[in-house]
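Engineer: Got a predicted structure here, sequence first:
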Amino acid sequence: MNFTLRKDYQGNRQQPVTVIAIVTALCLLGDSMLYIVLPIYWKEAGLTALWEVGLLLSINRFVRLPITPLIGLLYRKLPLRVGLAFAVLLASVTTVGYGVLNGFAAWLVLRCLWGIAWSFLRMGSYLTVIRYSDDSNRGHLMGRFNGISRLGSLVGMLAGGILVPFTGMDAVSVAFGLFMLAGLPYVALHITGTTDRTANGGDDSHQQKDRGNLRENVWTKPVMKIIATGLLLFLIQTVLTSTLSLLIETHYAQPMMLIGMIVTSTMLSGVLQAVRWAWEPFLASLFGRWSDGVKGRLPLFRMALIVSAAGYALIPWQLPVFVWCAAILFVMAASTAITTLLDALASDVARLSSVIAVMTAFSVAADLGSAIGPMLTYLILNLPHGIMYTYMGSAVVLVVLAIWHRSNAQLVNEAAHKNLGPFEKSQ
């Protein structure tokens, strides 16, 4: 895969990123729908117990842990277009499978296949953004990708929740799966790429590097720091998503009157989540564009960590409902910034060593954090005052990360100097 820009894309770098974001959004329709409808319509899927629902909704994350490094190796030789097309096809097959297959064993296979499809898709998406960006627009394009792609989650949950009660889960699954195939022509037309000759370096200016020295320099301090940060932040972000409904039920169990409407705890949880998905395309792109400015990403990243820490410290307390909802929305906005900036920072350090190796390790760390986060959270919740420990502990970790990243800019500069070729060092 060649990470240099083709001449015909020099003036329009957003197009391939926008295309792959839309394709990703399409592929997320079926998976996102399941989180809404499967806990209710599990018998329609041929399941026999609720514990099967929990396992099916989480197994795809655990599958990604061992499979992502293998997919990273494949992308060293596999054209980017081929990997993304395979991801779309596999996502379509699994989603159609939700509508035509029944039983726990069949669904377990389908969810494992979806985990593989998502690993191909996410790794290919990272490489697409890196390939069509530079230091002046990487944050903006990463934010654009994140914002547009997450619309798939919003549409999948809303459309699934509305359509399934009327048409059944089988019909909606088949329709979503077939609709995903619309992404294939866009991948074929807009994503190009040959066999990788520069994956270890990032761009053509690094082709003259000594490959033995490069392999030694892949795991620099900035790389290890961004991987550790990704694991911790994705773990912490699952704390809120996995306990939001529980918190609302604990603090505000009785129906509330908001803006002249009676709102239940589940309705409030759904509204808060929907607000975040609705603003993602705008805020993610905005935060990314700001981070491409003169001051760089780190000041904005640290500010988002501090804002998120303050919100996490407020969430476990039973505050007036409007104040509490405001704290939740601030945390969600900060999470949008954190995710976008973290992806951009990972791309920055990856360009200084090995794009595929670093982004593979970063993806595995993110998946590991997302997988163990809910389990660890609910283990702590079993303790007396478990909610307080969980959220205050998360706030402390966020503050520590903000302090830790004060020195990251210097480390990135050192890594860049170590990985420069003789020509660049002489300039």
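Structural biologist: Received the coordinates, thanks.
Engineer: okay but Leu247 is in contact with Gly386, surely?
Structural biologist: No: using Cβ atoms under 8 Å, Leu247 is not in contact with Gly386; the gap is 11.8 Å. C-beta here means a position set from N, CA and C on the backbone, and glycine is covered the same way.
Engineer: These two - which one has more neighbours?
Structural biologist: Leu247 (19 against 16; other Cβ atoms under 10 Å).
Engineer: show me the contacts for that one.
Structural biologist: Residues counted as contacts of Leu247 (Cβ atoms under 8 Å, 6 or more residues apart in numbering) are 315-316, 387.
Engineer: ok now the helix or strand it falls within, how far from the chain's centre?
Structural biologist: Leu247 belongs to helix 221-251 when assigned by DSSP states H and E. Centroid separation for helix 221-251 versus its chain: 12 Å, with Cα atoms, centre = their mean, to the nearest Å.
Engineer: ok, back up a step: so of the contacts of Leu247, which ones are in helices?
Structural biologist: Judged by DSSP state H, these include Ile387 as members of helices.
Engineer: and which of the contacts of Leu247 is nearest Ala357?
Structural biologist: Ile315 (36.8 Å; Cβ to Cβ).
Engineer: Verify the stated contact: that closest one with Ala326.
Structural biologist: No: using Cβ under 8 Å, Ile315 is not in contact with Ala326, being 10.9 Å away.
Engineer: So for the helix or strand hosting Thr95, what gets flagged as buried?
Structural biologist: Following DSSP H and E, the helix or strand that holds Thr95 is helix 80-100. Under the neighbour-count criterion of 16 or more other Cβ atoms under 10 Å, helix 80-100 has 80-99 buried.
Engineer: Then stretch 392-406?
Structural biologist: By neighbour count with 16+ other Cβ under 10 Å, stretch 392-406 contains the buried residues 392, 394-395, 397-399, 401-402, 405.
Engineer: Now for the nearest residue to Tyr98 once chain neighbours are set aside: which residues touch it?
Structural biologist: Spatially, and ignoring its direct neighbours in sequence, Tyr98 is nearest to Ser173 (3.9 Å; Cβ to Cβ, 6 or more residues apart in numbering). Contact analysis of Ser173 by Cβ under 8 Å, 6+ apart lists 30, 33, 95-99.
Engineer: Let's have those in a markdown table, adding pLDDT and distance to Gln15.
Structural biologist: Output for the contacts of Ser173, formatted as a markdown table (pLDDT from 0 to 100; distance: Cβ to Cβ, whole Å):
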| residue | pLDDT | distance to Gln15 |
| --- | --- | --- |
| Gly30 | 91 | 26 |
| Met33 | 87 | 28 |
| Thr95 | 96 | 26 |
| Val96 | 96 | 29 |
| Gly97 | 95 | 32 |
| Tyr98 | 94 | 32 |
| Gly99 | 92 | 33 |
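Engineer: ok, of those, which one's closest to Ser149?
Structural biologist: Nearest to Ser149 among these, with distances taken as Cβ to Cβ, is Gly30, at 14.4 Å.
Engineer: Was I right to think that closest one contacts Ala91?
Structural biologist: Yes: Gly30 is in contact with Ala91 according to Cβ under 8 Å; the separation is 7.2 Å.
Engineer: where do the contact lists of those two overlap?
Structural biologist: In contact with both Gly30 and Ala91: 114, 177, 180, using Cβ under 8 Å, 6+ apart.
Engineer: Tabulate those residues (a markdown table), appending neighbour count and secondary structure.
Structural biologist: A markdown table is the format used below for the shared contacts of Gly30 and Ala91 (neighbours: other Cβ atoms under 10 Å; DSSP: H, G, I helix; E, B strand; the rest coil):
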| residue | neighbour count | secondary structure |
| --- | --- | --- |
| Trp114 | 26 | helix |
| Gly177 | 22 | helix |
| Met180 | 27 | helix |
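Engineer: export those residues to TSV and tack on pLDDT and distance to Val63?
Structural biologist: Output for those, formatted as TSV (pLDDT from 0 to 100; distance: Cβ to Cβ, whole Å):
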residue	pLDDT	distance to Val63
Trp114	95	8
Gly177	95	19
Met180	95	19
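Engineer: Tell me which helix or strand Leu376 sits in.
Structural biologist: helix 355-381.
Engineer: how about Ala117, what does it touch?
Structural biologist: By Cβ under 8 Å, 6+ apart, the contact set of Ala117 is 27, 87, 90-91, 94.
Engineer: Ok, Ala365 next?
Structural biologist: Applying Cβ under 8 Å, 6+ apart to Ala365 gives the contacts 227-228, 230-231, 234.
Engineer: Kindly indicate the member of those with the most neighbours.
Structural biologist: Gly230 (24 neighbours).
Engineer: ok, so what distance separates it from Thr95?
Structural biologist: 28 Å (Cβ to Cβ, to the nearest Å).
Engineer: Could you do Glu280 as well?
Structural biologist: Applying Cβ to Cβ to Glu280 and Thr95 gives a distance of 22 Å.
Engineer: what's the answer for Arg351, then?
Structural biologist: Taken as Cβ to Cβ, the span from Arg351 to Thr95 is 34 Å.
Engineer: what does Asn382 give?
Structural biologist: 35 Å.
Engineer: got the residue ranges for the strands in the chain?
Structural biologist: 256-258, 261-263 (DSSP state E).
Engineer: higher neighbour count, Ile315 and Ala326?
Structural biologist: Ile315 (25 against 14).
Engineer: where does the stretch 301-427 of the chain dip in pLDDT?
Structural biologist: 407-427 (pLDDT under 70).
Engineer: That should have said the stretch 51-200 of the chain, apologies.
Structural biologist: Ranges of the stretch 51-200 of the chain meeting pLDDT under 70: 193-200.
Engineer: can you pull out the helices in the stretch 301-427 of the chain?
Structural biologist: 321-351, 355-381, 386-404, 408-419, 422-426 (DSSP state H, counting those that start in this stretch).
Engineer: got the angle for the helix holding Leu247 vs helix 355-381?
Structural biologist: Angle of helix 221-251 versus helix 355-381, following axes from the mean of the first three to the mean of the last three Cα atoms, to 10 degrees, is 30 degrees.
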